[in-house]
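Undergrad: Predicted model follows, preceded by the sequence.
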Amino acid sequence: MRSDAPALLPILRSRHLAEVLTLLLLHPESEYSLTDVAGKLGLPLTTVQREVTRMSSAGLIRERRVGRARLVSADPSNRYTRPLTELLALAFGPHLVIGEEFASLGAEAIAIYGSWAARFEGVEGQAPHDVDVLVVGEVPRPMLYEAAERAEQRLGLPVNPTLCSLRRWHEAADPLIRQVRSAPLVWVSGSEPDEVKD
């Protein structure tokens, strides 16, 4: 499986490389097996093996073997780690961070829309200045805004949450919801729109 240079950060060779590196650098305290990385990112194991081998050979990440397993993690001692982490958090971190910070809300589904979602899906354009988050379901607004604030602090980008009931989503009478549904969406939690049920 090949991927082209990502629209979010076209200086990188591939989106797969960006996703693997983002997972590792945004979780510097964690160590993952290659199977864990493949599962979390929905990538083929062979793709993960290839990208990890490249990054490990270049000294960008740490790798160790335990039995037959290859375990990988961020390398905080590498001089590129901090600036790379900042770049990748801005470009590829939103779907991971939003998924983690909004997970406890109990929403039916959570998606990122707007310019970040468009760039993530390969639509060329200027770098996003914020992250627009759609939360489908019944969620207490104070919890929603707290999650957005935590995500904003981690990403260094404004996070704008929009709460949408299941009925509002299905009816799609609201101009904003029609616009959101007609543009790229990156679902970070729950199902895609056609699968969200009342």
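TA: Looks like it arrived, so ask away.
Undergrad: Name the next helix or strand downstream of the helix or strand encompassing Leu25, please.
TA: Assigned by DSSP states H and E, Leu25 belongs to helix 15-26. For helix 15-26, the succeeding helix or strand toward the C-terminus, using DSSP H and E, is strand 32-33.
Undergrad: So, low pLDDT: which residues of the chain?
TA: Applying pLDDT under 70 to the chain flags the ranges 1-5, 191-198.
Undergrad: longest single helix anywhere in it?
TA: helix 141-155 (DSSP state H).
Undergrad: what's that helix packed up against?
TA: Packing partners of helix 141-155 (3 or more CB pairs under 8 Å, 6 or more residues apart in numbering; DSSP states H and E): helix 81-91, helix 93-102, strand 131-136, strand 159-164. For every residue, glycine as well, the C-beta is placed using N, CA and C.
Undergrad: and these, which is most packed in?
TA: Sort the helices and strands packed on helix 141-155 by mean neighbour count, taking mean count of other CB atoms under 10 Å, and strand 131-136 sits at the top with a mean of 24.
Undergrad: And that one, what does it pack against?
TA: Identification of packing neighbours for strand 131-136 by 3+ CB pairs under 8 Å, 6+ apart yields helix 93-102, strand 109-113, helix 115-120, helix 141-155, strand 159-164.
Undergrad: hmm, who's touching the last one?
TA: Contacts of strand 159-164 from elsewhere in the structure, counted by CB atoms under 8 Å, 6 or more residues apart in numbering, are 98, 130-136, 139, 141, 144-145, 147-149, 151-152, 176-177, 180.
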